[in-house]
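> Here is the input, now give the coordinates:
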Amino acid sequence: MAALPTLLALAETWDETTIAGTMEANLIDNYQQEHKRAIRERFAVDHYAFTTEAGKDNLGGHKVIHLLTQVAAHPLALVDAGELYTLDVAGVAELWWQDELENRVQLTTGGKINAVTLTGDYTITGLITFSQFPIGPSAAPTLDYQLTNKKYVDDQITAAVGAIVLPSFGPWEVRAEGVVYQAATDGFAIGYGLGVAGDINGFTDSANPPTINRVVYAVDTHLGTVTMPVRKGDYYRITSGTPLTMFWIPLG
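Here you go, the predicted structure:
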């Protein structure tokens, strides 16, 4: 790491103490040359400056800008002006911007630019808080952990809801009391009758014939009805000691 040129590195020492009328006439041209060299040497720290200008087309242009760190604090803010400067932060000269209202932004940290430009990839450590909702790309995400947007979520919900097909009842089918049937779909078995000789019992399970009694109606001398849900693939039957009227209605 190099330092800015010191007086020892410059050929000419800046001297404004020569009293008018004290220099011999034959030394004036020497004094003028020394004065030019002193100006050029100091100008050349940040600018292109040459002992001869012949063939040079970049005279006076900046080759670098050295911003010396502020000694102790931020500079004084001026009206209708802004200040670009460096300030010591944790022992490192960092770049800052200040407007006329003393709003300050640290532009670099540890040699890295803090400002995010319009292009490029960035890894940001820390929390970013938006005062408004950011606008993302219109394309749908394709990779895990990519952020999505409201339109994509709405479209996915609309498509999923639209794809739902709710089951509906099929046509009524007549069934016989005591006969074992196997359900081709989910559905309901219904049986009713006037009980004079026994209860109405509904059986359904995966066995053939089914043996698990799911519904019972003690008919006695009244008209009784049983309704029994049956799972697709299971067997079912409804029995009674009295004649029954029995139906099956499929679901789906």
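> Contact partners for the residue nearest to residue 14 when sequence neighbours are not counted?
Nearest non-adjacent residue to residue 14, counting by Cβ to Cβ, 6 or more residues apart in numbering: residue 38, 5.3 Å away. From N, CA and C alone the C-beta is placed, and that goes for glycine too. The contact partners of residue 38, by Cβ atoms under 8 Å, 6 or more residues apart in numbering, come to 10, 12, 13, 14.
> Show me where the protein has its helices.
28-43, 150-162 (DSSP state H).
> any idea how far residue 240 is from residue 68?
To residue 68, residue 240 is 106 Å away according to Cβ to Cβ, to the nearest Å.
> Between those two, point out the one with more neighbours.
residue 240 (23 against 9; other Cβ atoms under 10 Å).
> Settle this for me: the more buried one is touching residue 199, isn't it.
Yes - Residue 240 is within contact range of residue 199, at 6.7 Å (criterion: Cβ atoms under 8 Å).
> in the sheet, who's paired with residue 182?
On the basis of DSSP bridges, residue 182 is bridged to residue 235.
> Run a quick neighbour tally on it.
13.
> Surely it is in contact with residue 207?
No - using Cβ under 8 Å, residue 182 makes no contact with residue 207, being 10.9 Å away.
> intersection of neighbour lists for these two?
residue 235.
> Identify the residue nearest residue 107 in space, chain neighbours excluded?
Using Cβ to Cβ, 6+ apart, the nearest residue to residue 107 is residue 95, at 4.3 Å.
> Check the spacing between the one you found and residue 84 real quick.
Distance from residue 95 to residue 84, by Cβ to Cβ: 7 Å.
> Looking at those two, which one has more neighbours?
residue 95 (18 against 12).
> ok, what's across the strand from that one?
residue 86.
> wait, it sits on residue 86?
Yes - counting by Cβ under 8 Å, residue 95 touches residue 86, with 5.7 Å between them.
> residues contacting residue 184?
So residue 184 contacts 232, 250 (Cβ under 8 Å, 6+ apart).
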